[in-house]
Each structure stands twice: as structure tokens, then as C-alpha cells.
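Engineer: give me the fold of what follows.
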Amino acid sequence: MDDVRDAVLPTFLGESEENLEALEQALLNFDRAASRDEAIGAIFRLTHTLKGNSESMGIEAMSQCAHALESVLDAVRGHAVPMTPALLTVLLGGRDALRSMLSTVAVGGAPGLDAYEAVMHALAEAASGHVTPASIDSPAPIAPVAAGHDPRARKSLRVRLETLDQIVTHTGELSIALARLAGVIASRDDARDALLEVERLFEGLREQAMRLRLVPIGPMLRQQLRAVRDLAAGHGKLARLVVEGDEVEVDASVLDGLRDPVTHMVRNAVDHALEQPDRRRAADKDPVGTITLRARYEAGWVVVEVSDDGAGFDRGRIRERALAMGLLHAGTRVDDDELLRLVLAPGFSTAPAVTDLSGRGVGMDVVARNVAALKGSVDLRSIEGGGSTVTLRVPLTLAIIDGFVVGAAGETYVIPMEAVRECVGLSRGQGSDGADGILDLRGEPLPCVRLAAVLGLPPMAPLDTRSVVVVEQGGRRAGLVVDTLVGEIQAVVKPIGRGLADVRSVSGSTILGNGRVALILDAAEILREAVHGGVS
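Structural biologist: Numbers count the residues shown, from 1 in each chain. So this is what the prediction gives:
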């Protein structure tokens, strides 16, 4: 019997996690439901499913807690008890208790009701019409059992992430083998035709393998609804969260890396950006602040924005803090973009005092560090008194990219294809040693930087034989001066060794069709070098 339970347990954990997430979202969205009767019916069905599944697994504590939730919901459904904000807090507390119990089950424990006595009492009181919210000190929620949970999906298949990783790895190795094979048999017409057919089939396989790793970003974004509600209420503020683009899909590993940055940005928006209701009224604003979480695709990247209609960044306070930390020196002039980016520095905080939300200087630092680990970038925009926007730009996947191969200083490098706009020849006289790093591109100034100089390598080709790759990302555009242009490839991304871990201009490596290793360049860092530097 234990063997049967062990076999069923992963499915139970995954389904329960999905149901608990759907239950939280349904409770938080109750006031906006078109029909409250239908909404309470849907909440009741989710709770009943949790109770039935818990009973079948012999997890008595979860079953009893779900039953207590059902009793409250039944009273609401029968109009004996009104759904008020206080009652909603009680119901969310019951949901949190179930999640805490599930985390105990996930690590092999057997939850009891003793630790949840206050919650059970609050639920019993609420069922009889006496609402007294209670909270619990629950352990950390369990990690997702399987990627890609979407309560709206009619059919799903749980696949171990390790299995997907192996499929993607083998697909990448096959891509390399095909490239080498193409070079061997390119001279034979019949073999070339067969190869083209194999490449067509492989492309379909590669696309499906990559799609297996894609999961919707919506559930992760909607999880912040609860955080905004609780944090705003705990700090005397009024706030609403708007989620847009929840249908966007992203690689499972990228999604995991985005969780902490998004959480920190939302917490910062509640604490730093949104004003108290009386201050907002005095500024002729809606007393309820709005935070918008928006996701979209952009040229092979996934962009996540956190916008608010709060007070905006305080430039004066940022400069004052930067001077105190030694990040700026008195009299130093920096543009607005550089000034705002100072908030990403480790230990930076403009909070006047340490609170449960801020003041320790770890919020935006976590955002910058985690996004950098995903080979992405962070941009900040702010209007004083009119709100701010933090934009995260991360790759759709970390496994395979379309790249453009170039040569510089005797080595081969790959530029992510989504950042490449065009290639132009470097005419004689342009980019000489005395140049200021600006090239004339059809009458428009183009800041340029030599790839060899960025990587600290000596140039090997005469200036008049070089080419310029025009790179654009995040609204920035610049030219990358290289020795040779090779062409497009599909690059299987491999991690870089410790010796190159501190080279910010390099984001990974790949194996070319000829068996050589090429470094993959970080387009965002290259652009920063070009904009603030020049042809050296």
C-alpha cells in the first residue's frame, strides 16, 4: 500500500499545488467577478477537490482544514454570511494553512492540526458569522513540483525537467553533427538533397523540444496579487495590481530566475513608489495606487515591466546616498540613466529607516544580480511625481540561440542574432587611431567599439579591411568593429569556465560545425561599452 501511495504522491502534490494557486487567485479576484454566485461556486469546487484528494491520500489534517473552509463557503453561498474583506482574509488564511500542510507532506512529514489551531478556530467562527482573522507562521511554500502548471489547461503531461534538459542537449549535439556533415557532403547533389530533408525534420524536432520547456509566465505574475494586497494593507496604503501579457511563455529555467527579481520589484513599488492615500489625494491622484506587471515578446527576448503611478525616483536622494557610499565624487556629472542605475549597486538604499520591506539595500541588488545570471539586462525610467518603470529583458531560452558568427583578433565569436541589425564595410579612413568612435551611417552618427579592444586583445587586421556589425538592443544602437564576417548559425549555449566568469562581455560558449569553440557575446554589455567608449 505504501508503494502505491508513493507512486501517486507526486501527482497529488502537483495537482494540489495547482488547485491552491487557483484557489488564491479566485479569492483575490472575487470582487471583480461578473457573477459572485458563480465565483463562490468555483471556489467551493476547488476546495472540495482538495478535500477529496487529501482524504484519498489519508492526509487527515488537510482534509479537515478543507472541510472547515467548505463550511465557511457554504455559509457565503447560502447568503448567511456576507463576503467582506475581513472574511476574505480568513479564507486566505485557511488556504495558507493548506499550503503549509502540503509543504510538510512534500518533505515526507505528516501535518497535524495543533499548529493551525488559530486558523481552524477562525474558520469555525466565520462559518457561524463571527469573523476574527488569524494568521499562521507557515514554513516556506514548496517549490513547483512540475513546470508549466496552468489551471486553465484542459490536458497536461508532467515531464521531469531533467528529461527535458537531456532532450535539448541531444538536440543541440545533433545540430552540431549536422553542421559538420553538411561540410563533408556539400559537393554531392544526391547527398545534399537528403541532408536538406534531414535538416528540415531536425528543425521541427528542435522547435518541439524547445516548446516542451516553455511555460506560461502568467501564474508567476498573478502570484503577486496576494503580495500587493497584504503589503499595502500592512503599511496603510491602497494598491491594485494589473497583470498584462500573462499568455507569454518562457523557458522554465528563465521563469525560475525571474521569480525573485519580480518579487523584489513589486515589494519596492509598494514600499518606495506608492504614496500614502492622503498624499496621493493632495497631489490630485487616485488614492488607490496602481502597479502594472506587463510581459511581452521583443525580438527573441521576453520583456517584463513593473510600472507604478507613484512618486518616482528621488534623484536628489539617490545622489546623496551615492556620495555617502563613495559611488560618486562631489562635482561628478552623470547622465540620468547612469544616476538611476546607481540604485542597482550592492547595499544601495534610499530608505530613511530599516523596515520589514526595505532599508537593508538588498532589493534592487538582487534584481540586477539575478537578471545578469540570466544574461539579461535591467533598465529604469522614472518621472518625478509621475511614477517609474523597471524593465527586465531576458532571453526566451538559455539553451539554443540564433547567432551571427564574426572573427576578431584571430578568434571566432557569436553575436545573438536578435541584436544584429545589419553589417556594413568600414571604409578607408574611418576608425583611425585618432577617431572619436563615431561613424557616419547614412548620415546618422553611430557610436562604435572594436571587439578586440572590448575583450582586451590586440587587433590583427588593417582598419580598412574590417567590417561593422550594427547591434541594437533596449533602444541603444552601436557598431561593433570586427575583422571578418562568417554568417548565421544556431548555437547550442554552453556555460563558460571560471576563468571567463568575470568577463562581462561574454555570456556563454558554443561549439561550431568545424569543432572549434566560440564565445557568445553579451550584446547589452557590448552596447554599454560602445555608448560610453568608442573605437580605440
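
Engineer: R477 should be in a strand, yeah?
Structural biologist: Yes. Using DSSP: H, G, I helix; E, B strand; the rest coil, the secondary structure at R477 is a strand.

Engineer: F404 versus that one, what's the distance?
Structural biologist: 16 Å (CB to CB, to the nearest Å). For every residue, glycine as well, the C-beta is placed using N, CA and C.

Engineer: now swap in M364 and tell me
Structural biologist: 33 Å.

Engineer: then E117?
Structural biologist: For E117 relative to F404 (CB to CB), the value is 63 Å.

Engineer: comparing those two, which residue is more hemmed in?
Structural biologist: Using other CB atoms under 10 Å as the criterion, E117 and F404 rank with F404 on top: 23 against 11.

Engineer: residue contacts, the more buried one?
Structural biologist: V414, I415, P416, M417, V420, V469, V486, G487, E488, I489 (CB atoms under 8 Å, 6 or more residues apart in numbering).

Engineer: how about a markdown table for those residues, with distance to E21 and secondary structure added?
Structural biologist: Formatted as a markdown table, the contacts of F404 follow (distance: CB to CB, whole Å; DSSP: H, G, I helix; E, B strand; the rest coil):
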| residue | distance to E21 | secondary structure |
| --- | --- | --- |
| V414 | 39 | strand |
| I415 | 39 | strand |
| P416 | 33 | strand |
| M417 | 36 | helix |
| V420 | 39 | strand |
| V469 | 44 | strand |
| V486 | 47 | strand |
| G487 | 45 | strand |
| E488 | 41 | strand |
| I489 | 40 | strand |
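
Engineer: from those residues, which is closest to H264?
Structural biologist: P416 (26.2 Å; CB to CB).

Engineer: now do the contacts for that closest one.
Structural biologist: By CB under 8 Å, 6+ apart, P416 lies in contact with G300, P395, I401, D402, G403, F404, I520, L521, A523.

Engineer: neighbouring contacts of stretch 381-388?
Structural biologist: With CB under 8 Å, 6+ apart, stretch 381-388 has contacts from 273, 283, 307-315, 340, 380, 389, 391.

Engineer: ok, now with 7 Å
Structural biologist: By CB atoms under 7 Å, 6 or more residues apart in numbering, the list of residues contacting stretch 381-388 from outside reads A273, A283, S307, D308, D309, G310, A311, G312, F313, L340, L380, T389.

Engineer: what are the phi and psi angles of G326?
Structural biologist: With angles defined as degrees, to the nearest 10, G326 sits at phi 80, psi 10.

Engineer: burial check on it, number of neighbours?
Structural biologist: Neighbourhood size, G326 [other CB under 10 Å]: 7.

Engineer: how about L195?
Structural biologist: 17.

Engineer: so it, which state does it fall into?
Structural biologist: helix.

Engineer: enumerate every residue touching it.
Structural biologist: L181, A182, I185.

Engineer: now those residues as TSV including neighbour count and pLDDT?
Structural biologist: Below are the contacts of L195 laid out as TSV (neighbours: other CB atoms under 10 Å; pLDDT from 0 to 100):
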residue	neighbour count	pLDDT
L181	15	76
A182	16	74
I185	13	74
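
Engineer: next, format those as CSV and append secondary structure.
Structural biologist: CSV is the format used below for the contacts of L195 (three-state DSSP):
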residue, secondary structure
L181, helix
A182, helix
I185, helix
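
Engineer: let me know the closest of these to E199.
Structural biologist: A182 (7.8 Å).

Engineer: check contacts around the closest one.
Structural biologist: In this structure, A182 makes contact with L195, judged by CB under 7 Å, 6+ apart.

Engineer: and I167, by the same measure?
Structural biologist: Residues near I167 by CB under 7 Å, 6+ apart: A209, L212.

Engineer: list the buried residues for the strand or helix carrying it?
Structural biologist: I167 is located in helix 161-185, with elements delineated by DSSP states H and E. Across helix 161-185, burial judged by 16 or more other CB atoms under 10 Å covers L161, L164, I167, V168, T171, G172, L174, S175, I176, L178, A179, A182.

Engineer: which one of those residues is nearest to R319?
Structural biologist: Distances from R319 to these, taken by CB to CB, are shortest for L161, at 44.7 Å.

Engineer: in helices only, show me the contacts of stretch 381-388.
Structural biologist: Among these, the residues falling in helices (DSSP state H) are L340.

Engineer: and which of the contacts of stretch 381-388 is nearest to E249?
Structural biologist: S307 (21.7 Å).

Engineer: check the gap between the closest one and T290 for me.
Structural biologist: Per CB to CB, S307 is found 8 Å from T290.

Engineer: neighbour count winner among these two?
Structural biologist: The residue with more neighbours, out of S307 and T290, is S307; 21 against 17, by other CB under 10 Å.

Engineer: the more buried one contacts T292, doesn't it?
Structural biologist: Yes. Using CB atoms under 7 Å, S307 is in contact with T292, at 4.5 Å.

Engineer: would you list every one of the helices in the stretch 351-500 of the chain?
Structural biologist: Counting by DSSP state H, counting those that start in this stretch, residue ranges of the helices within the stretch 351-500 of the chain are 363-373, 451-454.

Engineer: can you redo the contacts of stretch 381-388 as TSV with distance to L441 and pLDDT?
Structural biologist: Shown next, in TSV, are the contacts of stretch 381-388 (distance: CB to CB, whole Å; pLDDT from 0 to 100):
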residue	distance to L441	pLDDT
A273	39	88
A283	44	91
S307	33	94
D308	37	94
D309	38	93
G310	39	92
A311	40	89
G312	35	89
F313	33	88
L340	28	87
L380	28	91
T389	29	94
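
Engineer: filter the contacts of stretch 381-388 down to just the ones in strands.
Structural biologist: S307, D308, L380, T389 (DSSP state E).

Engineer: partners of the last one in the sheet?
Structural biologist: For T389, the beta-bridge partners under DSSP bridges are S307, R381.

Engineer: OK, contacts around it?
Structural biologist: If you count contacts by CB under 7 Å, 6+ apart, then T389 has E305, S307, R381 around it.

Engineer: then the first one?
Structural biologist: Taking CB under 7 Å, 6+ apart as the criterion, S307 is in contact with T292, R294, G387, T389.

Engineer: residues near the third one, how many?
Structural biologist: Summarising burial for G387: neighbours were counted as other CB under 10 Å, giving 23.

Engineer: so what's it scoring on pLDDT?
Structural biologist: Listed pLDDT for G387 reads 91.
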